[in-house]
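Visitor: everything below, folded, please.
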Amino acid sequence: MIIDPNATGGIAGIVYSGQTPREPPVLLVLGHEKSGKSSLAITLFDWPVPGARPLVIAADSSGPESCGQLGFPVAHIKVKDQPGETLAEKMDHTLMQLKRMWKPLSADFPFSSIVFDCQSSFSEMLLTEDQQLNPSKDPRRNYGAVLAILKRTFLDLKALGVPVIHLAWERPAHTVTVGSGQAKREEHEPGGPEVVGSFRKIIAGLSTQIMILRMKKIGVNQPGADKDGFARQLMTRTDNGTVAGGRYQLDLPNPCPPHLGYVLSLILKLPMPGQSQQ
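Guide: Here you go, the predicted model:
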């Protein structure tokens, strides 16, 4: 019996890997506070075509402001300025607008990607707000309420069908003490995103690629180095105990240039930024 390797058995909806375009990735970029994560949005200007721009969802408005100080005013939505009584309501209004108005294939629609800046600030503000509005002796109640909002936000953005880049602070690898008495022991916790509760594992698991923004010493007068010989790099593999990698790590060099347009072009197999689309 010879089976056609492209056979569907008459079942509608079956496709084979590699024969359809890759879905827009969801990237998670980790970095220390003030490491320059927000300015990565600038590298999405003119990606994937001239004139295209990223749209920044600004849970922390200081990120887009830093881009403006560099001479690159980025389009952004300040969540705190949206209608609603609570931060959760303001984010729901933001998502409702995006779902109603988003037209990624329209010739006159300028936005081709979304940058969420940042998950760490957003999750901490949500938890603080919920603890104030719903004080509870059992903190699991507050964490559960916040987790539902974080998951809904993540999945609604993914459903827009464009690349989404989530920024978050890096939670370095560390040692924790568990148990008590004679059963007390130390366990190693790998580094990852600094977000509240179990959303840490969820965002890491649902993101298709995790990268870490690092400042690496490459030497004075080297291409891309600052006056002290340091250059920004995106680590696409686990680095210094912080977990990175993902579905597309074989498509990406390690380290990788700190250019999100370059990363997305490699993943989606598109021309590099600045190259002809022909």
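
Visitor: ok, Thr242 to Arg171 distance?
Guide: Applying Cβ to Cβ, to the nearest Å, the value for Thr242 to Arg171 is 8 Å. To be clear about C-beta, it is placed using only N, CA and C from the backbone, and glycine gets the same treatment.

Visitor: what is in contact with those two at once?
Guide: Common contacts of Thr242 and Arg171 (Cβ atoms under 8 Å, 6 or more residues apart in numbering): 191-192.

Visitor: who has more neighbours, these two?
Guide: Thr242 (20 against 17; other Cβ atoms under 10 Å).

Visitor: Ile212: helix or strand, and which one exactly?
Guide: Per DSSP states H and E, Ile212 falls inside strand 209-217.

Visitor: which helices and strands does that strand pack with?
Guide: strand 26-31, strand 230-235, strand 245-246, helix 260-268 (3 or more Cβ pairs under 8 Å, 6 or more residues apart in numbering; DSSP states H and E).

Visitor: which of these sits most buried?
Guide: Greatest average neighbour count among the helices and strands packed on strand 209-217 goes to strand 26-31 (a mean of 26), per mean count of other Cβ atoms under 10 Å.

Visitor: what pairs with that strand, parallel or antiparallel?
Guide: Partners of strand 26-31 in the sheet, by DSSP bridges, are strand 164-171 (parallel), strand 209-217 (parallel).

Visitor: what comes into contact with the first one?
Guide: The set of residues external to strand 164-171 that reach it, using Cβ under 8 Å, 6+ apart, is 24, 26-33, 37-38, 40-41, 44, 54, 63, 113-120, 154, 157-158, 191-195, 200, 203, 207, 212, 242, 260.

Visitor: show me how far the helix or strand following that strand is from its chain's centre.
Guide: The helix or strand immediately downstream of strand 164-171 is strand 174-178, counting by DSSP H and E. Chain-centre distance of strand 174-178: 27 Å, with Cα atoms, centre = their mean, to the nearest Å.

Visitor: again, but for stretch 54-64
Guide: The answer for stretch 54-64 is 12 Å, by Cα atoms, centre = their mean.
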